[in-house]
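# quick one, fold the following:
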Amino acid sequence: MKTPKFLKSVSEGVDHVVGLLGRNIRLATPLGLGKPNDFLNIIYRKAKADSQFQLKIFTALSLNPPHADSDLAKRFLEPFKVRQWGKDYPDLEYATDSVANRLPPNIRVHEFYFQAGLALKSPALQRDYQSINYTHVAETILQSNVQVIAQLISRSEDGRYSLSCNPDLTLDVAQLFKKEKRPLIIVGVVHPALPFLSGEAEVGVDFFDVIIDDSSVHHELFALPKNPISPSDHAIGFYASQLVPDDGTLQIGIGSLSDAVVASLILRQKNNKAYSELVERSWAGRKDPVPHLIHKNKFIHGLYGLSEMITDGFMHLRRAGILVREVVDELSKTKTYMHGAFYLGSKEFYSWLRNLKGEDFSGLRMSPVSKVNDLYDPNELLLRRQRKNARFINTCMEITLLGGAASETLNDGRVVSGVGGQFNFVAMSLELKNSRSILLLRSWRHQSGKRKSNIVWSHGQLTIPRHLRDIVVTEYGIADIRGKTDEETICELLNITDSEFQEDLARVAKKNGKLAADYAIPSFAKSNNPEKIKSFFGSEPFLKYPFGSDFSKEEMALISALDLLKKASKVKLFQLFWSGLKTNSSFDGELARMRLDAPQSLMDKITQNILKGALQNSQESI
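So this is what the prediction gives:
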């Protein structure tokens, strides 16, 4: 049993590690919340100041508060950042420099998952990106000869330690290095606000080589703001919620689409009559493509959560009495309603985790990703029995008409995010009886001021190959394409494509011999348009902020207006300026929030009227 070195200073901890390893360090740090920002910033500065210091960082999902790139964005963002993350939040300096293309040549950053879109303009991050399934990352860390892991940890009042938010890879890596008899320094940095969670995340003091308990580490945890849910996202969530059976297993991700699924599941539970009526209305005049998969009854037995990432959604499902199906954890023999590998969410979510008591606490078990994301475990038969009626729900960017999915990389090879665990869960769905993979997809997007279809003929960078095709959900419905022929798959996907793009896509499929020459789009699918979605999903019970908001009433209005301005052409900006001049609405609260209620300069007056026009325009479009 080893005894860790206890230190009371982060800088002292960095000096200790450098003293042991010298100026050539290969360091791994967890994805998301578990990064010890202060520790990483100090070691990064040392390497940045010394060109002879070679530093490689292996990680994923390096989170920083957003930075504004315009005057209006700064006016909105700066006060919110202070409120959300505090004045003293330590941005990850290597992440800031990476995105800005300022990394010195002696420092390399290898990520296997990016914060969505942030690395698109960083050649260094793109070149050093590692495309890896989540469950294969531990082996990559071993092969990369990593020498040290540094992560945030929590300490209980009685002196126990937990990997808390990130047992996911740390446990797997530590076990692998031990098996291979390879040296590895594990550094834990205590954060007083990090929730103490049990399961395999709770480790003995001898798990660590260094424990740093620095009283100056008290910044806010990185919390995600609660974002709005659009009518089209609600539509996708509503259709997906119908695919979730009682007495089953659920995996979901993060973001507005996952929030929309959860909102509809809670509606199904709390107001089942209204939900059932909406289900009937949503399919009226259309052929239900999957009657054997539709579920609209209340949850009696409930759901068991199995997800690499635990998010706010599981908190809401637990509170609603849905996340209540229990399995027996094979190690602790504890009744368990949720197994997860890492967590990330809102301030409210972290507070909920900190205050879990009794069965709510003991039934949430943090585990290594190797156990959560696949079946290949000594207890595989037990895991299979636990994961009955599983629905693994993930999102993607584009679907090909033959059923392949692009979830993380653009056609030109630039990586938007990463594979993460998506492939793991899609593959697992085919291994488990009565289980399904569900890919959520917005059927179209804005690009360069034009609408573009997200259902395409082909894509050069698939995450999920077409032989793993299963269920796809867009705002226009559900396509069950598991086991279907290529032609059947194309027909099903055309039925949930926006009508603007159906004929062109069908023409390509016919040209390539995959669709009969006389095929015609069914009449029920010819009216797939945004106006139809807005009329059905644009009002109660489909609320824009069903779980509350971190934004004030004025900020919520400003978000819609600023989003409109971000997409506006020069002609549109002039139209908004003119509209702002003529409007009778004062928007006093919104203008005061943006410090534009008493403009001093000509530019401020112009900006004020453009903003008023955008507020008026976005208000009318609601």
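# where are the low-confidence patches of the protein?
Where the chain drops to pLDDT under 70, the residues are 287-290, 620-622.
# which other residues reach the longest helix along the chain?
Longest helix of the chain, by residue count under DSSP state H: helix 602-620. Here helix 602-620 makes contact (C-beta atoms under 8 Å, 6 or more residues apart in numbering) with 71-72, 557-558, 560-565, 568, 573, 575-581, 583, 585, 587, 590-591, 594, 596, 599. For the C-beta atoms, the positions are set from N, CA and C on the backbone; glycine is no exception.
# in it, what counts as buried?
607-618 (16 or more other C-beta atoms under 10 Å).
# quick check, nearest of those to I254?
S618 (25.5 Å; C-beta to C-beta).
# so for the closest one, what's the nearest residue that isn't a sequence neighbour?
Leaving out its chain neighbours, the residue that sits closest to S618 by C-beta to C-beta, 6 or more residues apart in numbering is S560, at 3.9 Å.
# now do that neighbour: how many residues are near it, please.
S560: 18 surrounding residues under other C-beta atoms under 10 Å.
# SS state for it?
helix (DSSP: H, G, I helix; E, B strand; the rest coil).
# in the stretch 101-250 of the chain, which spans are strands?
Using DSSP state E, counting those that start in this stretch, the strands of the stretch 101-250 of the chain run over residues 107-111, 148-155, 161-162, 185-190, 202-203, 210-212, 248-251.
# any idea how this structure splits into domains?
Here the domain parsing of the chain from automatic domain parsing is 5-212, 231-386, 392-532, 553-620.
# distance from the second one to the middle of the chain?
Distance of domain 231-386 from its chain centroid, counting by C-alpha atoms, centre = their mean, to the nearest Å, is 15 Å.
# now swap in stretch 134-144 and tell me
22 Å.
# which parts of that stretch are buried?
Going by 16+ other C-beta under 10 Å, stretch 134-144 has these buried residues: 134-138, 140-142.
# now do stretch 509-517
Neighbour-count burial for stretch 509-517 flags 509, 514-515 (criterion: 16+ other C-beta under 10 Å).
# got the contact list for it?
401-402, 457, 486-487, 490-491, 506, 519.
# mind running it again at 6 Å?
Here stretch 509-517 makes contact (C-beta atoms under 6 Å, 6 or more residues apart in numbering) with 401, 486-487, 490.
# ok, the spatially most central residue of the chain to E308 distance?
The chain has I254 as the residue nearest its centroid, 3.6 Å off, counting by C-alpha atoms, centre = their mean. Counting by C-beta to C-beta, to the nearest Å, the gap from I254 to E308 is 11 Å.
# coming back round to it: quick one: which of the contacts of helix 602-620 sit in helices?
71-72, 557-558, 560-565, 573, 575-581, 590-591.
# the residues you listed, buried ones only, as a PyMOL selection?
Here is the PyMOL selection string for the buried members of the ones in helices among the contacts of helix 602-620, based on 16+ other C-beta under 10 Å:
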select buried, resi 72+557+558+560+561+562+564+565+576+577+579+580+590+591
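# that older thread, and the residue nearest to the centre of the chain, helix, strand or coil?
coil.
# can you tell me how far the residue nearest to it when sequence neighbours are not counted is from I393?
In space, and not counting its chain neighbours, I254 is closest to T311: 4.7 Å by C-beta to C-beta, 6+ apart. Here T311 is placed at a distance of 12 Å from I393 (C-beta to C-beta).
# the helices in the stretch 401-550 of the chain, which residues?
422-431, 486-494, 499-511, 530-537 (DSSP state H, counting those that start in this stretch).
# which among these is found nearest to Y476?
Nearest to Y476, of the helices of the stretch 401-550 of the chain and by C-beta to C-beta, is helix 530-537 at 7.7 Å.
# now do the buried residues in that closest one.
Neighbour-count burial for helix 530-537 [16+ other C-beta under 10 Å]: 530, 533-534, 536-537.
# how far is that helix from where the chain is centred?
25 Å.
# alpha carbons only: can I get it in PDB?
Extracted in PDB, the C-alpha atoms of helix 530-537 (Å, rounded to 0.1, in the frame of the first residue of the first chain):
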ATOM      1  CA  PRO A 530     -41.100  24.100 -40.700                       C
ATOM      2  CA  GLU A 531     -44.500  25.900 -40.600                       C
ATOM      3  CA  LYS A 532     -46.200  22.600 -39.900                       C
ATOM      4  CA  ILE A 533     -43.800  21.800 -37.100                       C
ATOM      5  CA  LYS A 534     -44.200  25.300 -35.600                       C
ATOM      6  CA  SER A 535     -48.000  25.100 -35.500                       C
ATOM      7  CA  PHE A 536     -47.900  21.800 -33.600                       C
ATOM      8  CA  PHE A 537     -44.900  22.100 -31.400                       C
END
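# so what does that helix touch, helix or strand wise?
Secondary-structure packing of helix 530-537 (3 or more C-beta pairs under 6 Å, 6 or more residues apart in numbering; DSSP states H and E): helix 231-241.
# any chance you could give me the helix it packs on in CSV, C-alpha atoms only?
The C-alpha trace of helix 231-241 is given here as CSV (Å, rounded to 0.1, in the frame of the first residue of the first chain):
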residue,chain,number,x,y,z
PRO,A,231,-40.3,23.6,-31.8
SER,A,232,-38.4,21.3,-34.2
ASP,A,233,-36.3,19.9,-31.3
HIS,A,234,-39.5,19.3,-29.3
ALA,A,235,-40.9,17.4,-32.3
ILE,A,236,-37.8,15.2,-32.4
GLY,A,237,-37.9,14.6,-28.7
PHE,A,238,-41.6,13.9,-28.8
TYR,A,239,-41.3,11.2,-31.5
ALA,A,240,-38.3,9.7,-29.7
SER,A,241,-40.2,9.5,-26.4
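# which helices and strands sit right next to it?
Taking 3+ C-beta pairs under 6 Å, 6+ apart as the contact cut, helix 231-241 packs with helix 256-270, strand 471-474, helix 530-537.
# can you list the helices and strands that whatever helix or strand comes next after the first one packs against?
Tracing the chain past helix 256-270, the next element assigned as helix or strand by DSSP states H and E is helix 272-282. Helices and strands touching helix 272-282, by 3+ C-beta pairs under 6 Å, 6+ apart: there are none.
# got the angle for helix 272-282 vs helix 231-241?
Between helix 272-282 and helix 231-241, the angle comes out at 110 degrees (axes from the mean of the first three to the mean of the last three C-alpha atoms, to 10 degrees).
# which is the succeeding secondary structure element to helix 272-282?
strand 303-310.
# pull the residues that contact that next one.
248-251, 314, 322-323, 325, 327, 338-343, 369, 372-373, 421.
# please repeat the previous calculation with a cut-off of 8 Å.
134, 168, 244, 246, 248-254, 314, 317, 322-327, 336-345, 364, 369, 372-373, 386-387, 390, 420-421, 424.
# could you list the buried residues of the following helix or strand past it?
Sequence order places helix 312-319 as the next helix or strand after strand 303-310, per DSSP H and E. For helix 312-319, a neighbour-count test (16+ other C-beta under 10 Å) marks 312-318 as buried.
# tell me what helix 312-319 is packed against?
Judged by 3 or more C-beta pairs under 8 Å, 6 or more residues apart in numbering; DSSP states H and E, helix 312-319 is in contact with helix 256-270, strand 303-310, strand 338-343, helix 347-354.
# mind jotting down where the helices sit in the stretch 101-250 of the chain?
123-128, 137-143, 170-179, 231-241.
# what's stretch 268-275 in contact with?
241, 264, 267, 296-299, 320-322, 541.
# any of those buried? List them.
Buried among the contacts of stretch 268-275 (16+ other C-beta under 10 Å): 241, 264, 267, 299, 320, 322, 541.
# farthest-apart pair in the residues you listed, please.
The widest separation within these (C-beta to C-beta) is 17.5 Å, between F299 and P541.
# hmm, back to that, please name whichever of the helices and strands packed on helix 231-241 is nearest to Q126.
helix 256-270 (25.6 Å).
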